[in-house]
Each structure stands twice: as C-alpha cells, then as structure tokens.
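[1] build me a structure from this.
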Amino acid sequence: MSDPIKLVPSIQHYDWGKIGPSSLVALLTGHSNDDRPYAELWLGDHPKAPSLTEAHEPLSEIIKRDARSILGEEVLRLYGSHLPFLLKILSIRDVLSIQAHPTKEHAKLLRREHPEHYPDENHKPEMGIALTRTEILYGFKSTEDLSFTLERYPELLKFVSLETRSQIQSGTMNGPEVTRALYTSLITSSPSHRTLVTRSLLERISGSDAPFDRHLLRFSEQYGEEDVGILSSLLLNHLILEPGEAIYIGPNMPHAYLGGDVIECMAASDNVVRAGLTQKFKDEKTLLAMLDYDCGTAEKIVPHSMNGEIHYPTPAEEFSISRIKLDAGEMSYITNSKPVLLFALEGGTKISSPTTSVEIRKGEALLIPATVGHYVISCTKSDIVRVTVP
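    Numbers count the residues shown, from 1 in each chain. Next comes the predicted model:
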C-alpha cells in the first residue's frame, strides 16, 4: 500500500498572468513579492510541467515506478501510467486567446500532423470555477443576441457578400448559418481590410463607456488593430462568473478568459487551437472546421452542496471536482480504487490514512494513491479542492 504523496505545484509565468500580490497563484505559492507574472499553477504529471515531490522528483517518475498502486487497476487500464486529470489555478491579468479544444480523435490527428503545435494526443474537456469575479467569452451568441450585436456593430457585415448580407438582414438564414458565415468571413478576410474596418469601429466607440466597448479598445492596445479576435469576440457570449460559479467547456467550444482567478480542472492535455487575441501560433483553418456553431445563451454549471462539500457536475470521464469548505470538522472518504488529489486554498487540513497522517496548508497539495482505500479529512477553516476519477 502506498502512502499519500505531498506535491509541489509547477508554476507558469505567462505574460498574461497577474503580478505580485495581485496574483492568487503567487500568493498560494509564497511568491507575492516577485514582480514576474504568476499565471498558472499546475498539479499533475503532464510532461510539460509535472508537479514535484518534496524530494524534488517529478510526479511522473513516481507514478511510473508504482503505477498500479497509485492509479489503480481501472485507471491504469483506461489511461495508461499517468493521471487522467490536471488541476490548475489561473490568475488572469490580460485576456487569453480565443481558442477551442479538439475532440480526442481530432487531437490524435493534430498531434500526428503538427507535433510542434499540439503536444499530446488527448482531448481537453475542462471545468472553470471562479475564485474571484471572472469574465469569459464562451460560445456563439443566440440569434436574438446576435441581431442586437449587428445593430450595435454593423461593421461585422462588411466582410460578407451582398447576397449573404441580404439573407442575414431578411432573416432567411438560421442562427448557426449566420454565425458560420460571419466568423468564416472574418477569419479569411485580408489583414489590410480587417485592419481598416477594425480601426473605423474603434474610432467610432473611442469615447464610449459601454463595458464591452472598453474591452474592444483594450484588445486593440494589447494585440494591435489587425488581430482578428477584436471583431470575432463580438460573436461570442460575454459571461461574468461570480466567486463559486462555474462553466464547463467541452470540445470545439470557442472561449477566452478576460480576467479573474479560476480553478481549472481538465483532462490531462495542453492541446489548444487558437485564432485570435494572441501572438502565438494561430491555426485558423483547423478552428474554422472544428468549431461548434450552434447558438445559445451560455449556461453556468449549477453546483450542489452536501455536508460541507460543493460538487460541480461534469460529463467528463477523466475527472470529478468538488470543494470542501468547513470551519471545523471531519469528512470520511474511500478512494474507490482511484487516485485522489487534494489542494488547500485556505486553512489547515490533516489527512489521515490507515498508515499515516499528513498536514497540508494553504497552497499545498496531496496525492492519495488508489490503494490507500479509506482516508479522513480533518479541517480547520479550510477550503479544499478535491479531484478524483468518476
């Protein structure tokens, strides 16, 4: 039987991350006096940035040596000798790229054809849970909302043919057809034409106090008037997540975080297809072919609470995620022969297994092997993220 493994998170210093004491990632990892951007905290064994043990050994190596005990028979059979999930904390200062994640089958194809851009063969369904007020672009707008958008920003119609414009304005095209036509015309337009139209729109709204107009001006300052994401962002739902609210992002769903601090749990992958609001590699052709063009209002995940634990339901097969928020008390669990990851956002927590007891405090994590079986979490004013395999 393996004992619980204390983990040191990996940190990503992407330019879009918050800096110093404004970054939750920096606060959780004890780096709040550092003036570098602290964008992401990673907990898992993904080869790009595996967590370390207290002895500074990569978790991936620990799992390889004892995969059956740590992962359990079923997880090992289904996913091989690595964790099927990856847990992150994001501290977002500047907008992330407009992006989508491929299906598992598509990820294998992308990895085979473009290994320099797609680092693994896995899909990336993910759950985002807001820790502070968080803004996100998510999914294409409903037909009604898109009509209001075209009235407010008629510049979007300058990219489609006269015939298509007439069909859109007369209502003879349905919602997904309109969205596909507008998005495709934007993505495939010439940079010079796109820049002229974008510049005209930005000049028109330059004195506006409307919240999204300010975002458009910010996008332009950050990425330049030629970036296709400025105009294409207008086709997406603008959603605000208050602390504790969540969103599930499935395959082929366009999205982009605009700011905030977020718990993000996903299948263990780093596959991202980008096409806007980024200086990184943009794969417009792939994104156009894969996107879900169905229109609708973005729906938040409704969590349910039970005995101090908040569960966030997800259709993902690789992970389930919950938060344990208690002022004091104990909660008893079994591993169900699957690995369990615990991460402390707040407070002091003791985890007792049949062979040992381990304490974790704010910013610390523990991996409980599948063969531990029974374990007890004792909390004191704690907020614990708990991830396992359904």
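[2] report how many residues lie close to Leu109.
    14 (other C-beta atoms under 10 Å). The C-beta positions use only the backbone N, C-alpha and C, and glycine is treated the same way.
[3] and what of the one 5 residues further on?
    For His114, the tally of surrounding residues (other C-beta under 10 Å) stands at 12.
[4] got it, and Ala344?
    Neighbour tally, Ala344, other C-beta under 10 Å: 22.
[5] try Gly80
    Gly80 - counted by other C-beta under 10 Å - has 11 other residues nearby.
[6] distance of it relative to Pro119?
    From Gly80 across to Pro119, the span is 16 Å (C-beta to C-beta, to the nearest Å).
[7] so where do the helices sit in the stretch 51-200 of the chain?
    59-65, 67-71, 73-79, 104-113, 143-152, 162-170, 175-188, 191-204 (DSSP state H, counting those that start in this stretch).
[8] let me fix that: the stretch 201-350 of the chain
    211-223, 229-232, 284-290.
[9] now those in CSV, with mean neighbour count and mean pLDDT?
    Shown next, in CSV, are those (neighbours: other C-beta atoms under 10 Å; pLDDT from 0 to 100):
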stretch, mean neighbour count, mean pLDDT
helix 211-223, 17, 95
helix 229-232, 25, 96
helix 284-290, 16, 90
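[10] make JSON lines out of those helices and add distance to Glu245.
    JSON lines is the format used below for these (distance: least, C-beta to C-beta, whole Å):
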{"stretch": "helix 211-223", "distance to Glu245": "18"}
{"stretch": "helix 229-232", "distance to Glu245": "24"}
{"stretch": "helix 284-290", "distance to Glu245": "27"}
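[11] and those: which comes nearest Pro21?
    The minimum distance between Pro21 and the helices of the stretch 201-350 of the chain falls on helix 211-223, with 22.4 Å, by C-beta to C-beta.
[12] now for the closest one, which elements pack on it?
    helix 191-204, helix 229-232 (3 or more C-beta pairs under 8 Å, 6 or more residues apart in numbering; DSSP states H and E).
[13] which of those helices sits closest to His238?
    helix 229-232 (13.0 Å).
[14] now for that closest one, which elements pack on it?
    For helix 229-232, the helices and strands in contact under the criterion 3+ C-beta pairs under 8 Å, 6+ apart are helix 175-188, helix 191-204, helix 211-223.
[15] return the last one as PDB; C-alpha atoms alone will do.
    Taking C-alpha atoms only, helix 211-223 is exported to PDB below (Å, rounded to 0.1, in the frame of the first residue of the first chain):
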ATOM      1  CA  PRO A 211     -18.300  47.800 -20.800                       C
ATOM      2  CA  PHE A 212     -17.600  45.700 -23.900                       C
ATOM      3  CA  ASP A 213     -16.500  48.700 -25.900                       C
ATOM      4  CA  ARG A 214     -13.800  49.200 -23.300                       C
ATOM      5  CA  HIS A 215     -12.800  45.500 -23.800                       C
ATOM      6  CA  LEU A 216     -12.500  46.100 -27.600                       C
ATOM      7  CA  LEU A 217     -10.200  49.100 -27.100                       C
ATOM      8  CA  ARG A 218      -8.200  47.000 -24.600                       C
ATOM      9  CA  PHE A 219      -7.900  44.100 -27.100                       C
ATOM     10  CA  SER A 220      -6.600  46.600 -29.700                       C
ATOM     11  CA  GLU A 221      -4.000  48.100 -27.300                       C
ATOM     12  CA  GLN A 222      -2.800  44.600 -26.400                       C
ATOM     13  CA  TYR A 223      -2.700  42.900 -29.800                       C
END
